[in-house]
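Peer 1: just need the structure, nothing else, for what follows:
(one chain, ligands or ions: 1)
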Amino acid sequence: MIKYAELLKQAAADFEKAEVEDAALNARELLGRALGINCRGRDFEIMLNQQVSAQVQAEFDGLCRRRMDGEPLQYLVGEWEFYGLTFKVGEGVLIPRQDTETIIDTVIKKAPKDRRLTVADLCTGSGCIAMALEKHLDCEQIIGIELSDKAFGYLQQNIKLNSSTMKALKGDVTKKETAAQLPMCDIITANPPYLTGEDMAKLQKEVSFEPQCALYGGDDGLDIYRHIVINFKDRIKQGGFFAFEIGMGMEDEVSTLLVRHGFENVRASKDACGIFRCVTGYKK
Ligand code: GLN
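Peer 2: Numbers count the residues shown, from 1 in each chain. Next comes the predicted model:
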């Protein structure tokens, strides 16, 4: 009989050999999942000295195999952390990414501090942007809009999990009627699908497991931004702003789109890797 510590070491070595990035982290997270214990806690460390049970080993082997086949770690674990909050994720919803912290940091910095805010997050998915903002801003109202049934299911679970007061609306942001459901907002955020046709043809294996409707933004990646700006610009109060996450190299096109629709003080901010990741523009 072997102990969990050895099982963990073996799995990390297997991941390393299979060139899975962050091999040790993958092994820990999946063993935590198989054991039903958070791998970042003390209970997990204590467990490592225990003898392996056949049932847990079978569960762990199954998870490792799926990971080797390219399934995202986050889907296998079933939840992921973003901006200090936990979000349920699985097939059908975009996984919260570290890149997306840029839009949160930017909005927190730019948000007016002298009044309670009405905020809407479009293409909200898991709800990670909306709930991170809710936690850090003084929101009178926060609303998320999502089209996909599967993603909407995760959104509802995440609202409960985080005791959020955000309102979840089902709707298609490419339709004018959807915008009519929103009150006048101080801030409208979105991380819309923005990958181009070319990007979609060379997706990383893990990303190909994520919903295409959360990734593909039309040939040039800009389709959904165009719809959002046209449909939602009249839902922003005077002096309020749009904040968009953008794909690499899209800062000029998205900025131009905002300027063309009368937005001013349009700025791009960089993520931790120095890539422009967020564009903001103010309503006159
Ligand atoms: N950031 C994601 C990726 O690069 C894309 C998400 C999106 O299109 N909004 O895979």
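Peer 1: helix, strand or coil for Arg28?
Peer 2: Secondary structure assignment for Arg28 (DSSP: H, G, I helix; E, B strand; the rest coil): helix.
Peer 1: do you know the pLDDT at it?
Peer 2: With respect to pLDDT, Arg28 scores 98.
Peer 1: once you drop chain neighbours, what's closest to it?
Peer 2: Cys39 (4.4 Å; CB to CB, 6 or more residues apart in numbering). The C-beta positions use only the backbone N, C-alpha and C, and glycine is treated the same way.
Peer 1: looking at this, that neighbour is in a helix?
Peer 2: No. Checked against three-state DSSP, Cys39 lies outside a helix; its state is coil.
Peer 1: that one and Tyr154, how far apart?
Peer 2: In this view, Cys39 and Tyr154 are 22 Å apart by CB to CB, to the nearest Å.
Peer 1: of the two, which one has the most company?
Peer 2: The neighbour count for Cys39 versus Tyr154, taken as other CB atoms under 10 Å, is higher for Tyr154 (24 against 20).
Peer 1: surely that one is within a strand?
Peer 2: No. Per three-state DSSP, Tyr154 lies outside any strand segment and is helix.
Peer 1: for the remainder of this discussion, apply numbering that starts at 7.
Peer 2: Understood, numbering begins at 7; the last thing we discussed is Tyr160.
Peer 1: what is the neighbour count of the residue lying closest to it once chain neighbours are set aside?
Peer 2: Closest residue in space to Tyr160, ignoring its immediate chain neighbours: Val99 at 4.3 Å, by CB to CB, 6+ apart. Neighbour count of Val99, defined by other CB under 10 Å: 28.
Peer 1: and what of Ala11?
Peer 2: Ala11, neighbours per other CB under 10 Å, totals 15.
Peer 1: now for the residue lying closest to it once chain neighbours are set aside, how many residues are close by?
Peer 2: Nearest residue to Ala11, sequence neighbours excluded (CB to CB, 6+ apart): Leu54, at 4.2 Å. Neighbourhood size, Leu54 [other CB under 10 Å]: 17.
Peer 1: measure Leu54 to Lys9 for me?
Peer 2: For Leu54, the distance to Lys9 - CB to CB - is 7 Å.
Peer 1: equivalent analysis for Tyr222, please.
Peer 2: 46 Å.
Peer 1: which residue ranges form the strands in the stretch 57-206 of the chain?
Peer 2: 85-88, 91-94, 123-128, 145-152, 173-176, 191-196 (DSSP state E, counting those that start in this stretch).
Peer 1: out of the ones you listed, the one nearest the ligand is which?
Peer 2: strand 191-196 (8.8 Å; CB to the nearest ligand atom).
Peer 1: pull the residues that contact the closest one.
Peer 2: The contact list for strand 191-196, computed with CB atoms under 8 Å, 6 or more residues apart in numbering, reads 109, 113, 117-118, 121, 123-129, 135-136, 139, 179, 230-231, 234, 238, 241-243, 246-251.
Peer 1: report the secondary structure state of Gly287.
Peer 2: strand.
Peer 1: let me know the pLDDT of it.
Peer 2: 98.
Peer 1: count of residues packed around it?
Peer 2: 24.
Peer 1: what pairs with it across the strands?
Peer 2: Assessed by DSSP bridges, Gly287 has beta-bridge partners Phe248.
Peer 1: what's near enough to touch it?
Peer 2: 247-248, 261, 264-265, 269-273.
Peer 1: and it, how far from Phe269?
Peer 2: In terms of CB to CB, Gly287 sits 3 Å off from Phe269.
Peer 1: next one: Val83
Peer 2: 39 Å.
Peer 1: over to His142?
Peer 2: His142 is 24 Å from Phe269, by CB to CB.
Peer 1: what do you get for Pro199?
Peer 2: 21 Å.
Peer 1: can you give me the neighbour number for Lys116?
Peer 2: Neighbour tally, Lys116, other CB under 10 Å: 15.
Peer 1: contacting residues for it?
Peer 2: Here Lys116 is in contact with 247, 249, 286 (CB under 8 Å, 6+ apart).
Peer 1: backbone dihedrals for the closest residue to Leu188 other than its chain neighbours, please?
Peer 2: Among residues not flanking Leu188 along the chain, Arg241 sits closest, at 4.7 Å (CB to CB, 6+ apart). When quoted as degrees, to the nearest 10, the phi and psi of Arg241 stand at phi -100, psi 0.
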